[in-house]
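Peer 1: Structure for the following, please:
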Amino acid sequence: MHGTWKHPALLLSSVGISNLGAWVYFIALNLIVLERTNSAFAVSILYMLVPIAALLSSFWSGTVIDRVDKRNLMVLLDVSRAILIAVLPWIDSLFVLYTLVFFINIGSSLFESASLIYMTKLVSKTNRQRFNALKNFIQSCGFILGPTIAGLLFLVGSPTFAIYLNAGVLGLSALILFSLPDIEKQAMISGAERLSFSMIVADWKETFRYARKHRYITLVYALFCVMTIFMSGLDSLEATFATRVLDFSESTYGFLVSIAGLGIIAGSLINAMCTKWLSLRFLIGFGAIATPVGYLIFATATDFSFAAIGFFLLTFALSFANTGFLSFYQNNVPVSIMGRFSGVINVAESILIIGLTLSIGLLAETFSIRSTYVVCSLGFFLISLVSLPIVFKRTKQTLYAMTVDDEIKAS
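Peer 2: This next block holds a predicted model:
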């Protein structure tokens with residue numbers, strides 16, 4: 001492998017190992033809580049803790065992340081999560097277990113933000129598109145292989161064994177990260193600059209000033225957030241729609257989810273192999289339009305074949321959107337403000353996700369599941385149509401450039 005890809009490859013391996021372990025850990029934790037409580041609601045709380053932790057940490061995480069050494073923070077978060085996860089099987093109190101899971105989720109949220117900035121600094125501008133496509137591929141492999149590996153581990157061991165294995169995996173991820181270059185060499189927030197409410201407020205003001213000054217960049221990133229909001233809301237109704245409206249069995253629905261995984265793997269591989277021919281504008285435009293079309297096909301499906309086509313298309317297109325939007329974001333938002341910028345946007349995104357998810361649930365109860373799914377998919381599609389003239393605006397063409405010259409100028 002070419003020398004410029006040595007460190008990015010190590011980073012990808014760390015991301016892959018950590019992502020695979022996260023799937024195994026979460027499935028095992030679900031089974032442990034279900035076995036102890038015999039309550040579906042107790043398990044659902046585990047899912048609720050993920051967006052709650054992301055929302056609460058987004059208020060202040062950017063202030064911390066932008067001021068510390070990202071590699072060292074990632075290593076610290078991996079080690080901390082490994083210790084907390086290893087402790088979980090020993091906890092008898094459900095409240096204490098939820099508390100530890102909440103802190104693990106905060107660590108995961110911080111890790112995701114810090115890793116994005118570190119990736120931006122580590123990977124050259126000309127290689128980001130391919131790197132992001134490979135990252136999507138690795139994460140989607142975890143989406144398919146994670147549950148399979150978890151099932152095999154449960155056959156030879158137990159959910160508790162799987163929990164311990166995940167703690168070890170995070171330790172391995174920390175070792176890989178520690179072998180990567182320290183490209184910042186920054187000290188942690190000093191005593192004279194301790195995290196405070198006034199510091200957070202000042203950072204939010206600075207972020208809003210940047211957003212007002214660079215409205216187009218903010219608008220394009222907001223379009224991706226709108227996609228995420230609609231997908232989260234629709235996905236919350238997905239299993240109910242498949243099992244109650246389409247009358248699929250649990251095993252059939254599981255097969256449908258596997259087809260979705262194959263879609264994102266196929267899209268990610270095409271993105272990784274064809275970076276020379278696929279422009280960022282095409283990736284964003286195709287992904288923004290084809291993803292809601294996939295949801296519409298699924299929403300109007302009457303049999304497994306059409307449902308499978310819709311599922312494959314929406315995840316296939318999503319891999320294009322993810323790669324395009326992420327590369328655009330990394331190329332145009334300064335790394336010095338990236339943590340705070342994404343943090344502020346994520347607060348609004350999390351609130352809207354919770355609101356839309358609740359609204360979709362209430363509409364499905366009031367009217368019908370299919371009509372709710374179709375209307376929301378149509379709304380998603382109409383908003384995506386609005387995004388096309390924004391993305392393909394001629395005067396903004398330079399913001400989508402991926403040339404070496406641009407990188408030299410930036411440095």
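Peer 1: So, low pLDDT: which residues of this structure?
Peer 2: Applying pLDDT under 70 to the chain flags residues 1-3, 185-193, 402-411.
Peer 1: Report the central residue of it.
Peer 2: Centroid-nearest residue in the chain, with CA atoms, centre = their mean: Glu112, separated by 7.9 Å.
Peer 1: which element follows the helix or strand that that residue is a member of toward the C-terminus?
Peer 2: Here Glu112, judged by DSSP states H and E, is contained in helix 94-122. Helices and strands here follow DSSP H and E; after helix 94-122, the next one along the chain is helix 128-156.
Peer 1: What angle do helix 94-122 and that following helix make with each other?
Peer 2: 150 degrees (axes from the mean of the first three to the mean of the last three CA atoms, to 10 degrees).
Peer 1: on contacts alone, who are the packing partners of the helix or strand just after helix 128-156?
Peer 2: Counting by DSSP H and E, the next helix or strand C-terminal to helix 128-156 is helix 159-178. Where contact means 3 or more CB pairs under 8 Å, 6 or more residues apart in numbering; DSSP states H and E, helix 159-178 is packed against helix 6-37, helix 70-87, helix 128-156. Quick note: C-beta positions are derived from backbone N, CA and C, even for glycine.
Peer 1: Let me see the ranges of the helices in the stretch 151-300 of the chain.
Peer 2: In the stretch 151-300 of the chain, the helices defined using DSSP state H, counting those that start in this stretch lie at 159-178, 197-213, 215-240, 250-273, 280-300.
Peer 1: before we move on, the earlier item: adding distance to Val50 and mean neighbour count as columns, could you present the helices and strands packed on helix 159-178 in JSON lines?
Peer 2: JSON lines is the format used below for these (distance: least, CB to CB, whole Å; neighbours: other CB atoms under 10 Å):
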{"stretch": "helix 6-37", "distance to Val50": "9", "mean neighbour count": "19"}
{"stretch": "helix 70-87", "distance to Val50": "14", "mean neighbour count": "21"}
{"stretch": "helix 128-156", "distance to Val50": "15", "mean neighbour count": "20"}
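Peer 1: would CSV of the ones you listed with distance to Val257 be doable?
Peer 2: Conversion of those to CSV gives the following (distance: least, CB to CB, whole Å):
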stretch, distance to Val257
helix 6-37, 13
helix 70-87, 25
helix 128-156, 9
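Peer 1: List the buried residues of stretch 89-107.
Peer 2: Neighbour counts using 16 or more other CB atoms under 10 Å place 89, 97-98, 100-102, 104-107 of stretch 89-107 among the buried residues.
Peer 1: What is the nearest of those residues to Ala290?
Peer 2: Nearest to Ala290, judged by CB to CB, of the buried residues of stretch 89-107 is Asn105 at 31.2 Å.
Peer 1: Most widely separated two among the buried residues of stretch 89-107?
Peer 2: Farthest pair in the buried residues of stretch 89-107 (CB to CB) is Pro89 and Ile106. Separation: 20.5 Å.
Peer 1: List the contacts of stretch 126-133.
Peer 2: Applying CB atoms under 8 Å, 6 or more residues apart in numbering, the external contacts of stretch 126-133 come out as 4-5, 8, 12, 119-120, 123, 268-269, 271-272, 275, 278, 280, 283, 319, 322-323, 326-327, 330-331, 402-404, 407.
Peer 1: Any quick PyMOL command for the buried ones out of those residues?
Peer 2: Selection of buried members from the contacts of stretch 126-133 for PyMOL, criterion 16+ other CB under 10 Å:
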select buried, resi 5+8+12+119+120+123+268+269+271+272+275+278+280+283+319+322+323+326+327+330+331+402+407
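Peer 1: could you list every residue that touches the closest residue to Ile289 other than its chain neighbours?
Peer 2: Using CB to CB, 6 or more residues apart in numbering and skipping residues adjacent in sequence, the residue nearest Ile289 is Ser384, 5.3 Å away. The contact partners of Ser384, by CB under 8 Å, 6+ apart, come to 227, 288-289, 291-292.
Peer 1: Give me the buried stretch members for the host helix or strand of Ser384, please.
Peer 2: In this structure, Ser384 is located in helix 369-391 according to DSSP H and E. Neighbour-count burial for helix 369-391, with 16+ other CB under 10 Å as criterion, is recorded at 369-370, 372-374, 376-377, 380-381, 383-384, 387, 390-391.
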